[in-house]
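Engineer: Compute the structure for the input listed below.
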Amino acid sequence: MCGRFYIEPDAPSFAEMLTEMSRFDAPVKAHGEIFPTDIAAVRTERGFSPMKWGFSGFDGKPVINARSETAREKPMFRDSMARRRCLIPASGYFEWQKSGSRKVKYRFYTPDAPLLLAGCWREDAGATCGASFVILTRDAVGGAETIHDRMPVMVPWGDADAWFAGGVAEFDAARLVWETA
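Structural biologist: Below you'll find the model as predicted:
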């Protein structure tokens, strides 16, 4: 389950995103550790937009992730999955592993390129910027399951258009590297 992701402050891969985000008045968190309910840069079919991380849940708490296996059927995500897919650029993400009574924080990333985390979005009158997103998760693979049982769905950079068109792309999870944060 992805509870936080991060963007390296001077990553050249994010130059286009930062340029586009400078057009908006929303207080976008463009680098550092991104927390649930922060406003982040999210790529849609039309380009980058500022969006709040987390759909408003039925109990008032934010829902930040959606299980990719069931998102197409769940009422909260069904319409967004069918019509409003998005990609969340990230340098990496964090997971925690329980070790006795404490939790150890791990940083996951690829050494050769930033990640594109798959998600979906919706209009949200309660969000400062008017829209919110969730990150899709899947069963962890590629060794990541030794740290946590879930991981974000990741889309290869070359498959972004296929993702927006409704396709499913398979990221090579063996490329992931992790270390304690």
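
Engineer: How many residues are close by residue 138?
Structural biologist: The burial count assigned to residue 138 is 16, neighbours taken as other Cβ atoms under 10 Å. C-betas here are computed from N, CA, C, even on glycine.

Engineer: no no, residue 128
Structural biologist: Neighbour count for residue 128, taken as other Cβ under 10 Å: 15.

Engineer: and if you look at residue 60?
Structural biologist: Residue 60, neighbours per other Cβ under 10 Å, totals 7.

Engineer: gap between residue 41 and residue 18?
Structural biologist: In this view, residue 41 and residue 18 are 8 Å apart by Cβ to Cβ, to the nearest Å.

Engineer: Between the two, which contacts overlap?
Structural biologist: Shared contacts of residue 41 and residue 18 (Cβ atoms under 8 Å, 6 or more residues apart in numbering): residue 30.

Engineer: Mind giving me the packing neighbours of the lowest-mean-pLDDT helix or strand in the chain?
Structural biologist: Scoring the helices and strands of the chain by mean pLDDT, DSSP states H and E places helix 15-21 at the bottom, with a mean of 74. Packing partners of helix 15-21 (3 or more Cβ pairs under 8 Å, 6 or more residues apart in numbering; DSSP states H and E): strand 39-44, strand 47-53.

Engineer: Can you give me the neighbour number for the residue lying closest to residue 174 once chain neighbours are set aside?
Structural biologist: Nearest-residue entry for residue 174: residue 142, 4.9 Å, with adjacent residues in sequence omitted and distances by Cβ to Cβ, 6 or more residues apart in numbering. Neighbours of residue 142 under the rule other Cβ under 10 Å: 15.

Engineer: and residue 142, that one's in a strand?
Structural biologist: No - checked against DSSP: H, G, I helix; E, B strand; the rest coil, residue 142 lies outside a strand; its state is coil.

Engineer: the strands in the protein, which residues?
Structural biologist: Ranges of strands in the chain, per DSSP state E, are 4-7, 32-34, 39-44, 47-53, 55-56, 62-63, 65-67, 85-90, 92-99, 102-109, 115-123, 131-139, 150-152, 177-180.
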